[in-house]
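*Asks:* here is the input, now give the coordinates:
(one chain, ligands or ions: 1)
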Amino acid sequence: METAIATEPTSMNGKTANPPLRLEEKLEEVRVYWNEHIHDLELAKHPVGTLGFFDDLDEYRFDKLNYLPKLVDFKNGYKGKKILEIGCGVGIDLARFAAGGAKVTGVDLSDTAIDLARKNFSERGLEGNFLPMNGEDLDFPADSFDVVYVHGVLQYTADPHQMAREMKRVLKPGGEAISMVYNRISWLNALSKVMKVDLEHEDAPVLEKYTAAELRDILSPFDETQIIPERFPVKSRLHKGWKGAIFNGLFVPAFTVLPASIVKPLGWHLMAFSTKTL
Ligand SMILES: C[S@@+](CC[C@H](N)C(=O)[O-])C[C@H]1O[C@@H](n2cnc3c(N)ncnc32)[C@H](O)[C@@H]1O
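*Replies:* Residues are numbered from 1 along each chain as shown. Below you'll find the predicted structure:
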């Protein structure tokens, strides 16, 4: 793990001084990687940038992450709310928030992702504001958003503690931050090691997995955080051959009969709901 290059808040508005060089270089590597790797792109059947392409990604994502709409009420829970997504990718989740009546802004380090997110919204006839921006140094005033949504991003950035400070800064008092990171003590992390199968984006310049306690520490700028482990095995469309057959034919059915009390803490995704009171 790239460690301990502390960046403490220094200025009046709670923003941080310029990041040390190694972190800047790491962020540049992260930006270059995600300009070339669009999440789940290889799963789409339709040409990149078409409505069919964005529908494919939405369908694949919400089949795999069937827990997500149960925890985040995209359709009815955020009408009229100002939502910022950091690391929005091509805007799959943000399109769901916008379709539910939220006023959405998406930022991402990757220009490719931002271009595709804009296309996604124009194909769907939705309104959204998209900007290439570093989530560790947001160009928004303090107290700007009702919700800050950061799904699958803290684990890929150079300094997650700095991102968490920025998430809190731009959130209005009374607002909510929703995050997701990968759970180190989880079925998928164990399985990938036993089966010697790489995780998605294992080649990214930064890919961390955290325990619930470590996530709580990252989110410590917030006043309260509730962590919910989620994401249990569903059949894989990605992995083929005998390993894919064992996973789909044996592992997934076996897992579903284990008692919930045993498997619940072992979910691959740690969802966190944090509040800012002041
Ligand atoms: C695994 S993808 C997740 C995309 C989207 N949130 C989703 O769940 O489909 C990670 C995204 O985080 C973005 N990212 C990583 N570090 C970032 C940072 N410091 N600021 C903004 N975006 C960042 C990457 O460019 C990439 O688009």
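*Asks:* would you mind pulling the contact partners of the longest strand that the chain contains?
*Replies:* Counting residues, the longest strand found in the chain (DSSP state E) is strand 171-182. Residues outside strand 171-182 that contact it (C-beta atoms under 8 Å, 6 or more residues apart in numbering) are 72, 143-155, 160, 167-168, 188-189, 199, 207-210, 215, 218-219, 222, 268-278. The way it works is simple: take the backbone N, C-alpha and C, and place the C-beta from them, glycine included.
*Asks:* okay, the angle between the helix or strand just after it and strand 171-182?
*Replies:* The helix or strand immediately downstream of strand 171-182 is helix 187-194, counting by DSSP states H and E. Orientation check (axes from the mean of the first three to the mean of the last three C-alpha atoms, to 10 degrees): helix 187-194 against strand 171-182 gives 30 degrees.
*Asks:* mind telling me what element the residue located most distally from the centre of the chain is part of?
*Replies:* The centre of the chain is farthest from one residue, Trp242, which by C-alpha atoms, centre = their mean lies 30.2 Å away. According to DSSP H and E, Trp242 maps onto helix 241-246.
*Asks:* what does the stretch 1-150 of the chain put close to the ligand?
*Replies:* Neighbours of the ligand within the stretch 1-150 of the chain, by C-beta under 6 Å from any ligand atom: 27, 30, 34, 39, 86-89, 92, 107-110, 113, 134-136.
*Asks:* so which of those sit within strands?
*Replies:* The strands, defined by DSSP E, take in 86, 107-108 from those.
*Asks:* for these, give me JSON lines that also has neighbour count.
*Replies:* Listed next are these as JSON lines, based on neighbours: other C-beta atoms under 10 Å:
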{"residue": "Ile86", "neighbour count": "27"}
{"residue": "Val107", "neighbour count": "22"}
{"residue": "Asp108", "neighbour count": "28"}
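*Asks:* return the member of these nearest to Pro20.
*Replies:* Distances from these to Pro20 were compared by C-beta to C-beta; the smallest belongs to Ile86, at 21.0 Å.
*Asks:* show me what contacts the nearest residue to the closest one once chain neighbours are set aside?
*Replies:* Distance criterion C-beta to C-beta, 6 or more residues apart in numbering; nearest residue to Ile86, sequence neighbours excluded, is Gly135 at 3.7 Å. By C-beta under 8 Å, 6+ apart, Gly135 lies in contact with 86-87, 107, 109, 150, 153, 157, 163, 166-167.
*Asks:* Ile92 too?
*Replies:* Applying C-beta under 8 Å, 6+ apart, the residues contacting Ile92 are 54, 57-58, 61, 120.
*Asks:* look up how far Val194 lies from it.
*Replies:* Relative to Val194, Ile92 is positioned 31 Å away (C-beta to C-beta, to the nearest Å).
*Asks:* kindly report the same for Ala272.
*Replies:* Distance from Ala272 to Val194, counting by C-beta to C-beta: 27 Å.
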